[in-house]
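Trainee: Here is the input, now give the coordinates:
(chains A, B, C and D)
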Number of protein chains: 2
Amino acid sequence: MTIKDIANAVGVTPTTVSNVINGNYHKVSQKTIDKVQKVIQESGYVPNKNARALANNSSKIIGVIFPKTTEGFMQDPFHSQILTGIEKIVGAKKYDLMIKSIDNYEEIYELMRNWSVDGFIILSLIGYQLPQLEKFKNVPAVFIDTYYEELKYINIGSEDYQGEFKAANYLLEMGHESIGFISYHIDYPSVISMRLNGFKDAVESKGLPFDYSENVLEIVGFDPIGKECENKILDFVKNKTGICISADILAIEIMELLRSKGYSIPEDISIIGFDNVYLSRLVNPKLTTINQDIIAKGKIAAENLINMIEKNNKEKPNIKIPTNLIIRDSVKKINA
Amino acid sequence: MTIKDIANAVGVTPTTVSNVINGNYHKVSQKTIDKVQKVIQESGYVPNKNARALANNSSKIIGVIFPKTTEGFMQDPFHSQILTGIEKIVGAKKYDLMIKSIDNYEEIYELMRNWSVDGFIILSLIGYQLPQLEKFKNVPAVFIDTYYEELKYINIGSEDYQGEFKAANYLLEMGHESIGFISYHIDYPSVISMRLNGFKDAVESKGLPFDYSENVLEIVGFDPIGKECENKILDFVKNKTGICISADILAIEIMELLRSKGYSIPEDISIIGFDNVYLSRLVNPKLTTINQDIIAKGKIAAENLINMIEKNNKEKPNIKIPTNLIIRDSVKKINA
DNA sequence: CTGAAAGCGCTTACAG
DNA sequence: CTGAAAGCGCTTACAG
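Mentor: Below you'll find the predicted structure:
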């Protein structure tokens, strides 16, 4: 079943059928429109989008790009939720979705040329590398969580700074005066460095001193916990009553470590996470954390991208979705 | 940059360039091959796959299909891991990946015709509905976790029966004599009903009685825990020392419930899960469970599908990946 | 070994 | 309002 078959069945030309399919109704009489639509219905015609893309140099395909990491990327619940949000909008807007993990940026360009992909959503890549890809310049693209001052593309992020500020501030308001921030490796600028800034400013806003070597612990290769890493954490925690941890997953690992060393939470030490992942309410104690609506983030990314594509929108806003404190059981109040 | 441009640059025709690109070397002189490849390299030529698909009626696109559920599907860590495995193989074999959530089966057919998709991996759909889709008959397709006796397609599952047998058997060997099985709604046949069979047979293999109403609790709408549901669980658990739960996520929810009601695990009651999800080792106590390599499952699905496509393999094997017991801390030994 | 030509299914100026 | 024709970038019998 092709446009030509429909044209023959109705007694018109492919041009006319095409015009009906594409909604160019002002070029076709109502009578013809009706006849064509009837045959399309009855025949179960399905358009060949390869042909369409070839003729249009546009596919209505959105590409989602993520880095090819050793242990698989989608495993991270964060990314699968992002993808859930993206898929919803992309489907609703009648686009198709391709996903691809890549080793280097040239592959984005390749995918774009392969299928005349109309736009990209780029997850967790390092922003400052992309602008080098000149060939990629005119493609609509949206980044997620990419902080890069010269970013030529829309970035969809979260209120990381504000969220961590709220987290630290909550600890402080609960009477904690000696608090710390633990994170995986910190890139600058990045989601994590923003969170660290929020932490720092909250501490200083209370007139307390902030000193990197005293208040911040950056750990590497922590999955699963290595011995020297354990000791660093135990050491860091010793003189503190509350800890902000840059991600729930890490917070949960650390809670597990502390528990195994005889700490009880929050009696001995208070913990606050970030992300509000599914399991954060299932651990014991239930984790106090900062919530962000990650599915919404994926949706917003897709909506913005499709707007850029369809409205030829040239604006490059920097969007941040809100973050808010979720109080559960891992922080205790300290009486002054 | 098209094939034609390359042909002009080298001084041959598009036919020849096409033959080089497609590896039909026996049709081209080595000298020409070299010249063409050199220009392809230098020009950064990227093939237009829409044109290729149009000419070939084959796209080298694999479609991954999953149901459009209210709350988003990929959120389930199970599915995102499957997708991780699929994406790895699909990429390695130089295919492209489209993903789509659907409401009804016609959409699979539509996607297939739209892009000349070469094959599908179908997640969590209800098998017995698909064979109705006559149009879909000749498309290579692989199901995941679909039990349907008349299945006309390959199914990639796990040793669900054997896994749950091992789980129940472990409880029994640890001295538990009164044990139960808790699950969400059970379809027949399904992954869960297989697990239930394994449980039942393990119990009976020890000469112990199995009675559905006594040994099985099927719960509905358990997220988050409703009041009447709580009571059912507490009631069910009362006269038992060990519980097999059909999924880690549910096991973790139930552990949380029991803990809140004053139970201590495993002292008061032993729990064993299924899946070995990431968080199962992060809860307290660490969850004893049945492991299955879900990423491998995705890989196997993709490998089988691509084999069907490329080798025109008509076999429809029923593959089951192994399951094995992971002993952690949520089961205690009962002294006889 | 090489090339001319038709075809895949669509779109889009352009003419009438 | 309708249609004839060229074109999108490939592939593939077929002829030489």
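Trainee: From now on I want contacts and neighbour counts done on CA atoms only, so please keep to that.
Mentor: Will do.
Trainee: contacts for the helix or strand hosting A:Q162?
Mentor: According to DSSP states H and E, A:Q162 maps onto helix A:160-173. Contacts with helix A:160-173, where a contact means CA atoms under 8 Å, 6 or more residues apart in numbering or on different chains, come from A:179, A:191-192, A:194-203, A:206, A:242, A:244, A:272, A:274, A:289-290, A:322-325, A:331.
Trainee: Correct me if wrong, but A:G207 is in a helix.
Mentor: No - checked against DSSP: H, G, I helix; E, B strand; the rest coil, A:G207 lies outside a helix; its state is coil.
Trainee: Can you get me a residue count around it?
Mentor: By other CA atoms under 10 Å in any protein chain shown, 9 other residues sit near A:G207.
Trainee: circling back to that earlier point, separate out the buried members of the contacts of helix A:160-173.
Mentor: If you count burial by 16 or more other CA atoms under 10 Å in any protein chain shown, the buried members of the contacts of helix A:160-173 come out as A:179, A:191-192, A:194-203, A:242, A:244, A:272, A:274, A:289-290, A:323-325, A:331.
Trainee: So which of these belong to helices?
Mentor: Counting by DSSP state H, the buried ones among the contacts of helix A:160-173 place A:191-192, A:194-203 in helices.
Trainee: between these, which is nearest chain B?
Mentor: Proximity to chain B was ranked across those by CA to the nearest CA; first place goes to A:V191, at 21.7 Å.
Trainee: Tell me which residues touch the closest one, please.
Mentor: By CA under 8 Å, 6+ apart, the contact set of A:V191 is A:145-147, A:160.
Trainee: now A:K94, nearest residue through space, not along the chain?
Mentor: Once flanking residues are discounted, A:K94 sits nearest to A:K60: 7.9 Å by CA to CA, 6 or more residues apart in numbering or on different chains.
Trainee: May I have the phi/psi pair for A:P322?
Mentor: Torsion angles at A:P322 (phi, psi; degrees, to the nearest 10) stand at phi -70, psi 160.
Trainee: Please verify my assumption that it contacts A:I294.
Mentor: No - assessed by CA atoms under 8 Å, A:P322 is found out of contact with A:I294, at 10.3 Å.
Trainee: do stretch A:11-25 and chain B meet?
Mentor: No - using CA under 8 Å from any CA of the partner chain, we find that stretch A:11-25 stays clear of chain B, coming within 14.4 Å at best.
Trainee: OK, contacts around the spatially closest residue to A:P209 that is not a sequence neighbour?
Mentor: Leaving out its chain neighbours, the residue that sits closest to A:P209 by CA to CA, 6+ apart is A:V203, at 7.0 Å. Shown in contact with A:V203 (CA under 8 Å, 6+ apart): A:168-169, A:172, A:209-210.
Trainee: Could you report the pLDDT at A:P322?
Mentor: What the model reports as pLDDT for A:P322 is 97.
Trainee: gap between it and chain B?
Mentor: The gap separating A:P322 from chain B is 20 Å, by CA to the nearest CA, to the nearest Å.
Trainee: just A:E173 next, same as before
Mentor: For A:E173, the distance to chain B (CA to the nearest CA) stands at 28 Å.
Trainee: same thing with A:G157?
Mentor: According to CA to the nearest CA, A:G157 and chain B sit 19 Å apart.
Trainee: So for that residue, what's the pLDDT?
Mentor: The model reports A:G157 with a pLDDT of 93.
Trainee: Look up which residues are beta-bridged to it.
Mentor: Beta-bridge partners for A:G157, by DSSP bridges, are A:K320.
Trainee: Contact partners for it?
Mentor: Contacts of A:G157 by CA under 8 Å, 6+ apart are A:144-146, A:297, A:318-321.
Trainee: Buried ones among those?
Mentor: Of the contacts of A:G157, these count as buried by 16+ other CA under 10 Å: A:144-146, A:297, A:319-320.
Trainee: Show me which pair in those residues is furthest apart.
Mentor: The two members of those with the most space between them (CA to CA) are A:T146 and A:K297, at 13.0 Å.
Trainee: Touching both of those two, which residues are there?
Mentor: Common neighbours of A:T146 and A:K297, counting by CA under 8 Å, 6+ apart, are A:156-157.
Trainee: which among the ones in helices among the buried ones among the contacts of helix A:160-173 gets closest to A:L217?
Mentor: Here the nearest of those to A:L217, counting by CA to CA, is A:L196; it sits at 10.7 Å.
Trainee: thinking that closest one is in contact with A:I182, fair?
Mentor: No - in terms of CA under 8 Å, A:L196 does not count as a neighbour of A:I182; the distance is 9.1 Å.
Trainee: Let me see the contact set for whatever residue of the stretch 201-336 of chain A ends up closest to DNA strand D.
Mentor: Among all residues of the stretch 201-336 of chain A, A:I309 sits closest to DNA strand D, at 19.9 Å; criterion: CA to the nearest atom of the strand. Contact partners of A:I309, counting by CA under 8 Å, 6+ apart, are A:118-119, A:140.
Trainee: Quick one: mark the members of these that sit in strands.
Mentor: Among the contacts of A:I309, the members falling in strands (DSSP state E) are A:G119.
Trainee: could the contacts of A:I309 be laid out in CSV, adding distance to A:P285 and pLDDT?
Mentor: Listed next are the contacts of A:I309 as CSV, based on distance: CA to CA, whole Å; pLDDT from 0 to 100:
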residue, distance to A:P285, pLDDT
A:D118, 46, 96
A:G119, 43, 95
A:P140, 44, 89
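Trainee: Tell me, how many residues neighbour A:G23?
Mentor: Neighbour count of A:G23, defined by other CA under 10 Å: 12.
Trainee: now do A:K38
Mentor: A:K38 - counted by other CA under 10 Å - has 13 other residues nearby.
Trainee: Do me a favour and get the backbone dihedrals for it.
Mentor: phi -60, psi -50.
Trainee: Local confidence estimate at it?
Mentor: On pLDDT, A:K38 comes in at 94.
Trainee: so who does it touch?
Mentor: For A:K38, the contact set (CA under 8 Å, 6+ apart) is empty.
Trainee: Distance of it relative to A:Y45?
Mentor: Counting by CA to CA, to the nearest Å, the gap from A:K38 to A:Y45 is 11 Å.
Trainee: where in chain A is pLDDT low?
Mentor: For chain A, the stretches flagged by pLDDT under 70 are A:70-76, A:125-135, A:149-151, A:221-225, A:313, A:336.
Trainee: So which bits of it are right by chain B?
Mentor: Contact residues (CA under 8 Å from any CA) of chain A with chain B: A:46-51, A:53-54, A:72-75, A:77, A:80-81, A:83-85, A:87, A:91, A:96-101, A:110, A:113-116, A:252-253, A:256, A:279, A:282-284.
Trainee: I'd like the contacts of A:V191 as JSON lines, with secondary structure and distance to DNA strand D appended.
Mentor: Putting those into JSON lines (DSSP: H, G, I helix; E, B strand; the rest coil; distance: CA to the nearest atom of the strand, whole Å) gives the following:
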{"residue": "A:D145", "secondary structure": "coil", "distance to DNA strand D": "34"}
{"residue": "A:T146", "secondary structure": "coil", "distance to DNA strand D": "33"}
{"residue": "A:Y147", "secondary structure": "coil", "distance to DNA strand D": "35"}
{"residue": "A:D160", "secondary structure": "helix", "distance to DNA strand D": "44"}
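Trainee: out of these, which touch DNA strand C?
Mentor: By CA under 7 Å from any atom of the strand, no member of the contacts of A:V191 lies near DNA strand C.
Trainee: could you pull out the strands for chain A?
Mentor: Here chain A has its strands, by DSSP E, at A:61-67, A:96-102, A:119-123, A:141-144, A:154-158, A:179-184, A:216-219, A:242-245, A:270-272, A:289-292, A:318-321, A:323-326.
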